[in-house]
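*Asks:* With the sequence up front, the predicted model follows.
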Amino acid sequence: MLNTLLKGCENISMRLVWLGGILLIGSAILVTVDVFSRKFLNISLAGSDELSGYAFGMSTSLAFAYALISRSNIRVDAFYHLFPRWLRVFSDVFGLALLLGFMGLITYLGFNLLADSFAYGSRSITPLRTPLAIPQTVWWLGLAFAMVTGLLILIASLVAVLRKDWNKLQNLVGVKSVDEQITEETV
């Protein structure tokens, strides 16, 4: 069942990454049109910078779960390969737990921010007067989904440790080998 849930999270996270990419491309097009219209038509599309900021924030949070699943999160691994197995296992699982602790705090505080925006009807202080709850909802949902995905990965990692399934653990939370990175880049 845990593998099924992780596979479902992987499928959803792939779609969310694509959605985030579409948001970024759309904002890049909007800013480009704004720059050209200012230069050649002396007309500004008010709010293109605001909308691109929302797109960036939303697309970033939508990609967090994918980064966890694909082990793309940045880690300092200069000495990792020199560690004995038990220390690599500990650092992988402990590192994920610390990351989830930080993400949990951000998700919790982000929910408080979102709840305040809904409660007070907060709007941006720009000419668009965007209701802040709209982009914050998407942003928070990305954080919450990443948190759930990370917890599933942590549980699966602990199960792999208990079963002494080191290959499974490596595939869940281990640092990618050079061969894995080369294969990823060439396929």
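*Replies:* Cool, the structure landed.

*Asks:* When you work out contacts or count neighbours from here on, use the C-alpha atoms and nothing else.
*Replies:* OK.

*Asks:* So which other helices or strands are in contact with the helix or strand hosting residue 62?
*Replies:* Assessed by DSSP states H and E, residue 62 sits inside helix 48-69. With contacts taken as 3 or more Cα pairs under 8 Å, 6 or more residues apart in numbering; DSSP states H and E, helix 48-69 sits against helix 2-36, helix 133-162.

*Asks:* what's the least confident helix or strand in the chain, going by average pLDDT?
*Replies:* helix 178-186 (a mean of 78; mean pLDDT, DSSP states H and E).

*Asks:* for that one, the distance to its chain's centre please.
*Replies:* 22 Å (Cα atoms, centre = their mean, to the nearest Å).

*Asks:* CA atoms only: put it into CSV for me.
*Replies:* Taking Å, rounded to 0.1, in the frame of the first residue of the first chain, the C-alpha atoms of helix 178-186 are listed here in CSV:
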residue,chain,number,x,y,z
VAL,A,178,27.4,9.6,-10.6
ASP,A,179,26.1,6.9,-12.9
GLU,A,180,22.5,7.7,-12.0
GLN,A,181,23.1,11.4,-12.7
ILE,A,182,24.8,10.6,-16.1
THR,A,183,21.9,8.3,-17.0
GLU,A,184,19.4,10.9,-16.0
GLU,A,185,21.1,13.6,-18.2
THR,A,186,21.6,11.4,-21.3
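
*Asks:* coming back round to it: could you dump the helices and strands packed on helix 48-69 into JSON lines with mean pLDDT, mean neighbour count and distance to residue 94 added?
*Replies:* Formatted as JSON lines, the helices and strands packed on helix 48-69 follow (pLDDT from 0 to 100; neighbours: other Cα atoms under 10 Å; distance: least, Cα to Cα, whole Å):
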{"stretch": "helix 2-36", "mean pLDDT": "95", "mean neighbour count": "16", "distance to residue 94": "20"}
{"stretch": "helix 133-162", "mean pLDDT": "97", "mean neighbour count": "20", "distance to residue 94": "9"}
